[in-house]
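Undergrad: here is a sequence together with a model predicted from it:
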Amino acid sequence: MHFPLSTIKAKIVALCLMLGTLPTIFYAEYSSSRLTESLVSAERDYQLQEMQTLVYNFNSFYYSDLTQVLKGISKIRTELEDAYSDLERINENRLGDPSRGDQALRHYIEYVLPDDMYCLIVRPGGNLGGPGEAPEWILGTTLIDGSTLRDSPAQDAPQFRYAQDSSGTEYLALVQRSGVAPDQTLVLFSDLTDERRKFESLGSEDSFDNVHLFIESVRTRDSENIFIFDQEQNLLMYEQEMTLGGRIDEALLSAARKGESAQGTINIDGEPYLASIQYLKQIDAFMAVANRSSAVMQPIDQVKYLIYLVGLAITLVTTLLSVIVVSRIISPLRKMTRTATQIASAHLNSVGEIDSLAEALQPERNDEIGSLSAAFRRLFISLRESLDQIIEQASGRKRVEGELDAARKIQLGMLTTSFDLGEGHGSDVYALIQPAKEVGGDLYDVIMVGKHRLALVIGDVSDKGVPAALFMTMTLTLIREGLALGLPPDRLMDEANKRLCSHNPNMMFVTLCFVILDWRNRSLTYVNAGHCQPLIVSRDGRARRLEGLSGPVAGAAEEVSYKCFNDTLGEDEGMLLYTDGVTEAQDQGGRLFGEECLEEFAKAGIQRGDSAKSLCEGLLRRLAEHSGGAAQSDDITMLALLPRPSGVPQGRPSA
């Protein structure tokens, strides 16, 4: 595809803009991602520290109030113990004058005991209590274990019991057997209503005043909310008006109950907030510190804006510099383009014309552009010289191709072009060869030996091309010479092998199969020197091979003797001789045609009554179908001897 220099300049400018913009965008997004992680982490750390301060102070306020309640109860206990001591001193004085002592006891109970304290002295002669009417109901109050005070035996040591009357009022009771009068039991009761009210107010909304004031002093960010909510997610305390937008994730609350880090996103007034949640076990509620997500992420937008601004400035400066540099490069290139166009339209046969045009490319600069101009000038001069060499090489290649074509014609001319088999034998013979290159190393021949015998020869030289063709020519010449001398097959193979070995500087060899058919008794005498075994097929579909190996390939070892084999060819049997180029033909996937496919094809042809020519040409087409366009890797040669169908003339070989 051709682009003018102006287009290239525009593309370079666009590339500079892209190379400046894309890294800026990438860095801005990467930085914002890392900054987001840092801000969120910092926010969570800040919330944790703030939460620890809040919880610590909440606990301080809570336990301070609880301590006040406990101090009140401790004070009541002390008052009960003091009252018991007073009653015991009165009992000591009563021993001398019981009547006057009882008066002193009643006076103490009625006028000295506080209004919220009751006393009952249990004794055999009648109970004594006050203030007011004797509080016999005291004995029926329920203790914390469910029993009544009446069922609880007195002990010598003081016992403090929590009791409750029928109206639900709670009391702290001191029950102890008198040390002065062991038959008496002193029971002192004090009302705990005020202390109960103070205890129940712990954790209520009224008790959050101090916490609320402390939160106001701690919170320093307008975007932050600090609030307390119960298990049902009802707000118990909050600093400013707010509503929870949906229920808080139960997983966060569960983590808070376990004392784990409970941090996540919640919804307040329809906006997302980053929140930390702490469980307040004392009041079975949760405290949350939440900050608006948009406020946390605000620095990210500022950083991205700054990165984009700096990246844009760098991109513009880079693009401007690129335009200046590219313009300095393109200007001389345009001049070179105009001159090169004139050279392209010139006649390349004129060296003088090319030189005159190339002078226009004389370098005017000492940089790389000047070097390029000088290189262009040398290029066009070298082009003319290269054209002369190409023309000369093309002439030489054409001459070689002509010589190879002549060699092919000479090679094919050495093969038998007509088979004169005589009359009365009832057989049809046809041969076919297709070299893989211009010339090949396969060979065949059909020769009458006398009047009644027919010699069939087929072979395959180990190499291909011209060397194989020459070796094939020498082999075929030796076989024909041996047949002319009347040598038997085994003797002929011995002599041919010796001659081939003695004139074989390239260490080549040939596989040979040599068969002689006697028409009179249909007997076969054959020698096989490492070649494919001939295939014999009858019209009834039976197939067999001419088995037996007479010896190794010819031309490989001089001191070798070959052995003859004998067989018989039936009247309804045909014989197919072939080279391994047939069975080893490959398709695109490297699969071979194979012996089995060859045998099936030959049996089908014999049963159809094909002539030798039809069988060979059909087999060649079948090999082409099998290859599917794959390159032929070896020479293909076949020789068929079949029972002649009526009306079919004798066959001829094909190349």
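TA: Cool, got the structure. Numbering: from 1, shown residues only.
Undergrad: what are the boundaries of the helices in the stretch 151-300 of the chain?
TA: Counting by DSSP state H, counting those that start in this stretch, the stretch 151-300 of the chain has helices at residues 193-200, 209-218, 250-257, 293-344.
Undergrad: whoops, I mixed them up, the stretch 401-550 of the chain
TA: 465-484, 489-502.
Undergrad: can I have the longest one written out in CSV, keeping just the CAs?
TA: What follows is the C-alpha trace of helix 465-484 in CSV, where atoms were taken according to Å, rounded to 0.1, in the frame of the first residue of the first chain:
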residue,chain,number,x,y,z
GLY,A,465,17.6,-37.0,-11.9
VAL,A,466,20.4,-37.2,-14.5
PRO,A,467,22.7,-39.6,-12.5
ALA,A,468,19.9,-42.1,-12.0
ALA,A,469,18.9,-41.8,-15.7
LEU,A,470,22.5,-42.6,-16.7
PHE,A,471,22.7,-45.6,-14.3
MET,A,472,19.3,-46.8,-15.6
THR,A,473,20.6,-46.6,-19.2
MET,A,474,23.7,-48.7,-18.3
THR,A,475,21.5,-51.3,-16.4
LEU,A,476,19.0,-51.6,-19.3
THR,A,477,21.9,-52.0,-21.8
LEU,A,478,23.4,-54.8,-19.7
ILE,A,479,20.1,-56.7,-19.5
ARG,A,480,19.4,-56.5,-23.2
GLU,A,481,23.0,-57.6,-23.9
GLY,A,482,22.6,-60.6,-21.6
LEU,A,483,19.3,-61.6,-23.2
ALA,A,484,20.8,-61.4,-26.7
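Undergrad: re the thing from before, weakest of the helices of the stretch 401-550 of the chain by average pLDDT?
TA: Of all the helices of the stretch 401-550 of the chain, the minimum mean pLDDT falls on helix 465-484 (a mean of 86).
Undergrad: who are the packing partners of that helix?
TA: Other elements packing on helix 465-484 under the criterion 3 or more Cβ pairs under 8 Å, 6 or more residues apart in numbering; DSSP states H and E are helix 368-414, strand 442-449, strand 453-461, helix 489-502, strand 510-518. (C-beta placed from N, C-alpha, C; glycine too.)
Undergrad: quick check: angle from it to strand 510-518?
TA: Between the axis of helix 465-484 and that of strand 510-518 there is an angle of 30 degrees, by axes from the mean of the first three to the mean of the last three Cα atoms, to 10 degrees.
Undergrad: in helix 465-484, what's buried?
TA: With burial defined by 16 or more other Cβ atoms under 10 Å, the residues of helix 465-484 counted as buried are 465-466, 468-476, 478-480, 482-483.
Undergrad: what residues does stretch 256-264 touch?
TA: Applying Cβ atoms under 8 Å, 6 or more residues apart in numbering, the contact partners of stretch 256-264 are 44, 47-48, 249, 251-253, 255, 274-279, 286.
Undergrad: please spell out the PyMOL selection for the buried subset of the residues you listed.
TA: Buried residues among the contacts of stretch 256-264 (16+ other Cβ under 10 Å), as a PyMOL selection:
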select buried, resi 44+47+252+253+255+274+275+276+277+278+279+286
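Undergrad: confidence-wise, which of the contacts of stretch 256-264 comes last?
TA: Among the contacts of stretch 256-264, residue 47 has the lowest pLDDT, at 71.
Undergrad: my read is that that one contacts residue 274, right?
TA: Yes - using Cβ atoms under 8 Å, residue 47 is in contact with residue 274, at 7.5 Å.
Undergrad: which residues do these two both contact?
TA: 263, 291.
Undergrad: got a pLDDT number for residue 529?
TA: Note on residue 529: pLDDT of 94.
Undergrad: swap in residue 545?
TA: Among the per-residue scores, residue 545 holds a pLDDT of 94.
Undergrad: what about residue 77, neighbour count?
TA: Residue 77 sits with 15 neighbouring residues when counted by other Cβ atoms under 10 Å.
Undergrad: does it lie in a helix or a strand, and which?
TA: Using DSSP states H and E, residue 77 falls within helix 5-94.
Undergrad: immediately after that helix, which helix or strand?
TA: Once the chain leaves helix 5-94, the next helix or strand it forms, by DSSP H and E, is helix 98-107.
Undergrad: by contact count, what packs against that following helix?
TA: Packed next to helix 98-107, using 3+ Cβ pairs under 8 Å, 6+ apart, are helix 5-94, strand 128-130.
Undergrad: least reliable of those going by mean pLDDT?
TA: strand 128-130 (a mean of 64).
Undergrad: which phi and psi values does the closest residue to residue 580 other than its chain neighbours adopt?
TA: Sequence neighbours aside, residue 532 is the residue nearest to residue 580 in space, at 5.8 Å (criterion: Cβ to Cβ, 6 or more residues apart in numbering). Residue 532 adopts backbone torsions of phi -60, psi 140, taken as degrees, to the nearest 10.
Undergrad: likewise for residue 541?
TA: Torsion angles, degrees, to the nearest 10, at residue 541: phi 90, psi 0.
Undergrad: one more: residue 156?
TA: phi -70, psi -30.
Undergrad: and the nearest residue to it once chain neighbours are set aside, what is it in contact with?
TA: Spatial nearest neighbour of residue 156, excluding adjacent residues (Cβ to Cβ, 6+ apart): residue 177 at 5.5 Å. For residue 177, the contact set (Cβ under 8 Å, 6+ apart) comprises 154-156, 184-186.
Undergrad: pLDDT check: weakest of these?
TA: Comparing the contacts of residue 177 by pLDDT, residue 154 comes last, at 67.
Undergrad: wait, doesn't the residue nearest to residue 580 sit right on residue 513?
TA: Yes - if you go by Cβ under 8 Å, residue 532 and residue 513 touch, sitting 7.3 Å apart.
Undergrad: give me the common contacts of the two.
TA: residue 577.
Undergrad: who has more neighbours out of the two?
TA: Looking at residue 532 and residue 513 with other Cβ under 10 Å, you find the greater number of neighbours at residue 513, namely 25 against 22.
Undergrad: and the more buried one, how far from residue 435?
TA: 19 Å (Cβ to Cβ, to the nearest Å).
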